[in-house]
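# Coordinates for the following, if possible.
(2 chains)
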There are 2 protein chains.
Amino acid sequence: MTEASLVGTEFTSISVAEFFYRNRQMVGFGNPTQAVYSTIRELVENSLDACEDAKILPEINVIIRRESSDLLLIEVSDNGPGMPYQFVPEAFGKVLFGSKYGLRHKRGTFGLGVTMAVLYGQLTTNYPATIITKHGQGEANEFRLLVDIKNNTPIIEYSGPNSSHSIGTKVTLKIRGDLKRSKLRITEYLRLTSVSTPHAQITLLIDDNPPIQFGRYSKMIPTPPRISRPHPRSADIELLHHLISNNNSMTLKAFLVDTFQKCGTKTATRFLHFLSLNPNRTTESLTRDEIVRISNALRNYNGFDKPESQCLSPIGKDSLMEALNRLYPSASIKYEIRGPFEWNGHPTILEGAVVITDSTPAENPSLIRFANKVPLLYDASDDVLTLAMKRINWNRYGVDTNSQVLLFVNLCSTRIPYREAGKQSIAAIPAIQSEAELLFKTLGRAIKRESSSIRRSKRNARKMREFSKYFRLIARYGALLASVETTPDTSKLVESLFEVK
Amino acid sequence: MTEASLVGTEFTSISVAEFFYRNRQMVGFGNPTQAVYSTIRELVENSLDACEDAKILPEINVIIRRESSDLLLIEVSDNGPGMPYQFVPEAFGKVLFGSKYGLRHKRGTFGLGVTMAVLYGQLTTNYPATIITKHGQGEANEFRLLVDIKNNTPIIEYSGPNSSHSIGTKVTLKIRGDLKRSKLRITEYLRLTSVSTPHAQITLLIDDNPPIQFGRYSKMIPTPPRISRPHPRSADIELLHHLISNNNSMTLKAFLVDTFQKCGTKTATRFLHFLSLNPNRTTESLTRDEIVRISNALRNYNGFDKPESQCLSPIGKDSLMEALNRLYPSASIKYEIRGPFEWNGHPTILEGAVVITDSTPAENPSLIRFANKVPLLYDASDDVLTLAMKRINWNRYGVDTNSQVLLFVNLCSTRIPYREAGKQSIAAIPAIQSEAELLFKTLGRAIKRESSSIRRSKRNARKMREFSKYFRLIARYGALLASVETTPDTSKLVESLFEVK
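I've put the predicted structure just below:
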């Protein structure tokens, strides 16, 4: 790598950091508005992931300070477990380095976002990122970092102990950005984060304004998802080669049972019989064509059970309902869940809640998307959830202009098929789309039940008002006829008629 | 890099090849339909770029052969200059390696697509890619390659001379894909490619069907774009640092004049005066804060001329009109061009043609997008050109339900800000959007003139028909009255009245 790559020559290679530096619009850093939003989003998600792993109730502080019209200081701190010091430089200064490549549910996935935030700061202000983190016993450590874009490596400007920092990780960046135009997105993002992560408490402090608090709505800490073995359906040729070469030679049957989930001795035997392969053959002896054949069969064989779900961490009914009840106190709310199912072998769950409020609807229903609990605020139009929603005839379910229907849907998977590296919308994977349609239909039926029950109770309330009026009159006339002074109380009678307590 | 990355552990790094292998939906390889389309697109674009550089009239053959229901052999061959043999393995087997990073217009940009096609073939069929190429004198060379995903390096299965191959590059891949569902997209893509590259001749051969021919509509070979120096507005801190450290210490003034386009001695002097920097300071002596200050000023100073356009290669009026005239023989066609302008310092041109046909419009107007001559067929909804088009009040320009209006727009830039690595839509960069709106308005005025002239000529034709009918009658009665046997011919009179030749 020499000067060639930035200015141009014949054949050359660029680092992945340079690729994303050149194409930063792909990762949410295309303009000064998006950049502020993405920076905060990436830092908050890192903090949430860190706390969740350590079963800590997250307390996150987000500070934005305008140092001049477009020069912003952004600081995100948490009460998490901190980061092992030796990993800090690369986690913040190397693209595609991270703790998030395991087969389990995580908010972050690419090891891309935080480094992009550091890089964007460096590009626009030349300030290094400051990371102070306390991990384990002993003093906290402080790092000041830049990214060597050409080589995709961190440049450590300073590192040393910091005795004043007592808990978690604090990241400080300076970037040029447009706070005015990004503010609304940021508050919306944090509000929705408190819906999908109701056990988190997030405080936003902008300049000298009073702090804004999001959550906490629940004290239930979700069980951290566990890393699981791959599902057989995910075994493309590449993964299969890899798994074979990383295990000592063993029998085919033992290999299948050891390596994959949902593949016990019986299933493995049946599968190998189906393929006419001797279960006692060693993996070493497999020809290339046989590996291809096994991979194709693993992905198409119908005999494997649905994937495990302990590697996933959905929001859950109680938590989601609790958060939505707090945000929409007088609304009617229903929750549904589908799965686990798999797309390309990746364990996946879809959960959703429908919120019916009294307000006049703008578009109805309105979809609020989450992927592994991360609110997705941009690029809705080609998202798989939007596509699925559009295929539903909502009129049939009583969605009308009288009440606003909000659909909160969270796609939960060990692999979110984002359409772009900026993680704003989900690709139209058929398996996901059809499950989403089924989820929407179930939610639709809940809406229908709910709106007819709302209609029924409105009708009942009206009837009851009229009955009580006339009962009062009848009672008064009765009393007059009987020459009784006081009119008897009819309300109890009406209430018992309408079964009201 | 060990086994950890595919199966999961704590902190680790993955290669860029593995990133895109995991997220292949981001680069157009998300499903078997898209994969066929993307494979062909990437190979055809490589061939076109190669021929254009060498000023060769491209002849490209695309062969798709179904070996079983979903096992496809795809072969793309061209009459280009071939590739230097030492670069072949990395160009096809290493992500982010390519010839396309210079500051000039190219179809390809990322060094990503072709390697992804190789990788997808390998994933789904385990077959290596075969590349046969003849470069310079001597025998052609043949390579059979796979990608080492973990390390992002090519695996050369075979390389050696091939004496039967006489010209250009031929790439053969086997992939599993859905030809039935991708066929229409592929022909549409090739048809539109022949619009934006009318000097190319592309032949598509599917199984034993008769070959389909696209183009050639023109024999004009466009001037290959030249690599140019960066425009001052593109000098973010990173680029500036880079340019300074890659030049020997020189005076500030000499540095500016030597390094940037549109910055002669006078402009450099004025600029440095504006910044209160001594023009004779050496670049070596600059402090970090001064570099930041210079970078900010370069990007905001108003005294630099618009960028050069010789690094760009628009389709051009003659070529585009020629192709469109061939495809829409009876339509009315107008061409407009805007620029060069710059976005973030990247030289950019927008050109467009409007085609008005007699057919009944579906949506009106209909937009056909190109980026550096590459047709963009997916993800139109959030594209900057779509957004710009939607901001125009087309009714005002006489776009109605009587005739179909087609808008062909090509964004031509040294840097296309794609929204995703799959290169299907362009990010909403304000400078591009406002230029696109201006282009659409100019095209709109052309539509208005055209449709009123169409209306006028329709009205005239109607009048002329009526006039000639009555003139014939009058002439006949006149002849009868004058007892003349033959009715005189009135057509010449009518034609001269209506100025028809």
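
# Quick one: the helices in chain A, in order.
With helices called from DSSP state H, chain A shows them at A:4-7, A:16-22, A:32-53, A:88-93, A:113-125, A:179-196, A:237-245, A:252-259, A:265-274, A:288-300, A:317-327, A:384-390, A:430-481, A:491-497.

# Turn these into TSV, including mean pLDDT, mean neighbour count and distance to chain B.
Quick note: C-beta positions are derived from backbone N, CA and C, even for glycine. Compiled in TSV, the helices of chain A are given as follows (pLDDT from 0 to 100; neighbours: other CB atoms under 10 Å in any protein chain shown; distance: least, CB to the nearest CB, whole Å):
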stretch	mean pLDDT	mean neighbour count	distance to chain B
helix A:4-7	32	19	5
helix A:16-22	91	23	4
helix A:32-53	93	24	9
helix A:88-93	93	24	7
helix A:113-125	93	26	5
helix A:179-196	96	19	12
helix A:237-245	89	19	5
helix A:252-259	94	20	9
helix A:265-274	94	16	19
helix A:288-300	90	17	5
helix A:317-327	94	19	26
helix A:384-390	97	20	10
helix A:430-481	83	15	8
helix A:491-497	73	13	55
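
# between those helices, which gets nearest to B:K458?
When these are compared by CB to CB, helix A:384-390 sits nearest B:K458, at 40.0 Å.

# who's in contact with the closest one?
The contact list for helix A:384-390 (CB atoms under 8 Å, 6 or more residues apart in numbering or on different chains) reads A:365, A:367, A:369, A:380, A:407, A:409, A:411, A:425-429, A:432-434, A:436-437, A:439-440.

# what residue is smack in the middle of chain A?
What sits nearest the mean C-alpha location of chain A, by CA atoms, centre = their mean, is A:K373, with 2.1 Å.

# give the contact list for that one.
A:L48, A:R107, A:T193, A:S196, A:T197, A:S313, A:I315, A:N410, A:C412.

# shouldn't the last one be in contact with A:H346?
So the one you mean is A:C412. No. Counting by CB atoms under 8 Å, A:H346 is not a contact partner of A:C412; they are 10.7 Å apart.

# Out of the contacts of A:K373, which comes closest to A:F271?
Closest to A:F271 out of the contacts of A:K373 is A:C412 (28.0 Å), distances taken as CB to CB.

# Quick one: neighbours of the closest one, just the number.
25 (other CB atoms under 10 Å in any protein chain shown).

# Tell me how far the residue lying closest to A:V114 once chain neighbours are set aside lies from A:P89.
In this structure, A:V114 finds its nearest non-sequential neighbour in A:E42, 4.9 Å apart by CB to CB, 6 or more residues apart in numbering or on different chains. Using CB to CB, to the nearest Å, A:E42 is found at 17 Å from A:P89.

# try A:S359
In terms of CB to CB, A:S359 sits 49 Å off from A:P89.

# and if you look at A:T287?
For A:T287, the distance to A:P89 - CB to CB - is 44 Å.

# again with A:R476
Separation of A:R476 from A:P89 (CB to CB): 85 Å.

# so how far is the first residue of stretch A:270-285 from its last?
Stretch A:270-285 has an end-to-end distance of 20 Å (criterion: CA to CA, to the nearest Å).

# Distance from the chain centre to it, please.
Counting by CA atoms, centre = their mean, to the nearest Å, stretch A:270-285 is centred 40 Å from the centre of its parent chain.

# How about stretch A:116-125?
So, by CA atoms, centre = their mean, the centroid of stretch A:116-125 is 25 Å from its chain's centroid.

# which other residues reach that stretch?
A:17, A:20-21, A:24, A:27-29, A:35, A:38-39, A:42-43, A:71, A:92-93, A:95, A:127-129, A:145-147, A:149, A:173-177, B:236-238, B:292.

# May I have that stretch as CSV, with CA atoms only?
Below are the C-alpha coordinates for stretch A:116-125, written out as CSV (Å, rounded to 0.1, in the frame of the first residue of the first chain):
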residue,chain,number,x,y,z
MET,A,116,-16.3,4.7,11.4
ALA,A,117,-17.3,7.3,14.0
VAL,A,118,-13.7,7.6,15.1
LEU,A,119,-12.7,7.9,11.5
TYR,A,120,-15.3,10.5,10.7
GLY,A,121,-14.2,12.6,13.7
GLN,A,122,-10.6,12.4,12.5
LEU,A,123,-11.6,13.4,9.0
THR,A,124,-13.6,16.4,10.0
THR,A,125,-11.8,17.7,13.1
